[in-house]
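A.B. asks: would you be able to build a 3D model of this:
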Amino acid sequence: MSRKPPRRTRERILETALALFNRLGEPHATTADIADEMNISPGNLYYHFRNKDDISGEIYGALEASVAPLVEGPTSQAADVEDLWLFLHLMFEKMWEYRFFYRDLDEITSRNPRLAARFAGMVRSWRMAVLELCRGLRNGGALQASDAEIEALSINVVIVTTYWMSFQRLSRAVASGREGDAAGMQFERGAAQVLALLAPYLQGDHRLLVERLRARYVEGAPALGGSSGKE
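C.D. replies: Have a look, this model is predicted:
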């Protein structure tokens, strides 16, 4: 039986940095912390990355690549509520996996203009995907809204998803260095809040299904049997 090849140091640095950034916050984790966690010398780390911004940029690239298939998927063809739910659920899963970025978004992007420009591009793609999905729901008879209302909805959905973790961070204190159940609920309640924006425009059984999904998220149960996003 063949063995898996050992992970390269560069890959281990990125993996360790992501875990530390998520746990401590990117502004509070240093390259020395990453090297110490890996039991390697700072010089070994700097051989692969010039500084922490380089590490953050490469991790962001992984987020960007993982989100791309989702934002490129929706079209204005007929869609149903389960398409909406799956899209939102997968997006929040990706955001939770790279949650440090959303929690410290303003600080990271103000320090790194190139990364800020890349993130702005992803936000535009995310908004267009929501716009197309809403049009698909309207074409399928699930959603009743004007073009102007759909335009506003797409913007509001992106605002809520982008800043949900920052909002939670301000409204609920989480012990430094520990992520318990209260932190894990950010995933479920964020998805529930986005569904609440869309519910008033949905019709009949479609709205009832969304309300049921929202209730399960708020209760902390994985909607439709999906993963909960907790660690």
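A.B. asks: so which helix or strand of the chain has the lowest pLDDT on average?
C.D. replies: Lowest on mean pLDDT, DSSP states H and E among the helices and strands of the chain sits helix 181-198, with a mean of 74.
A.B. asks: any idea how far residue 164 is from the residue positioned nearest the centre of the chain?
C.D. replies: Among the residues of the chain, the one closest to the centroid is residue 95, at 1.6 Å (Cα atoms, centre = their mean). Using Cβ to Cβ, to the nearest Å, residue 95 is found at 8 Å from residue 164. (Each C-beta comes from the backbone N, C-alpha and C, glycine too.)
A.B. asks: ditto for residue 113
C.D. replies: Separation of residue 113 from residue 164 (Cβ to Cβ): 24 Å.
A.B. asks: who are the packing partners of the longest helix seen in the chain?
C.D. replies: Using DSSP state H, we find that the single longest helix of the chain is helix 113-139. Packing contacts for helix 113-139, counted by 3 or more Cβ pairs under 8 Å, 6 or more residues apart in numbering; DSSP states H and E, involve helix 52-71, helix 81-97, helix 105-111, helix 147-171.
A.B. asks: from those, which stretch is densest packed?
C.D. replies: Ranked by mean neighbour count under mean count of other Cβ atoms under 10 Å, those are led by helix 81-97, which reaches a mean of 19.
A.B. asks: returning to what we had before: helix or strand next in line after the least confident helix or strand of the chain, which one?
C.D. replies: helix 204-219 (DSSP states H and E).
A.B. asks: hmm, who's touching that following helix?
C.D. replies: Applying Cβ atoms under 8 Å, 6 or more residues apart in numbering, the contact partners of helix 204-219 are 80-82, 84-85, 137, 142-143, 188-189, 191-192, 195-196, 198-199, 202, 222-224.
A.B. asks: just the buried residues from the residues you listed, in ChimeraX please.
C.D. replies: Selection of buried members from these for ChimeraX, criterion 16 or more other Cβ atoms under 10 Å:
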select :81,84,85,137,142,143,188,189,191,192,195,198,199,202,223
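A.B. asks: how about the nearest residue to the residue nearest to the centre of the chain, chain neighbours excluded?
C.D. replies: The spatially closest residue to residue 95, leaving aside those adjacent along the chain, is residue 102, at 5.7 Å (Cβ to Cβ, 6 or more residues apart in numbering).
A.B. asks: what's near enough to touch that neighbour?
C.D. replies: 95, 162, 163, 164, 165, 166.
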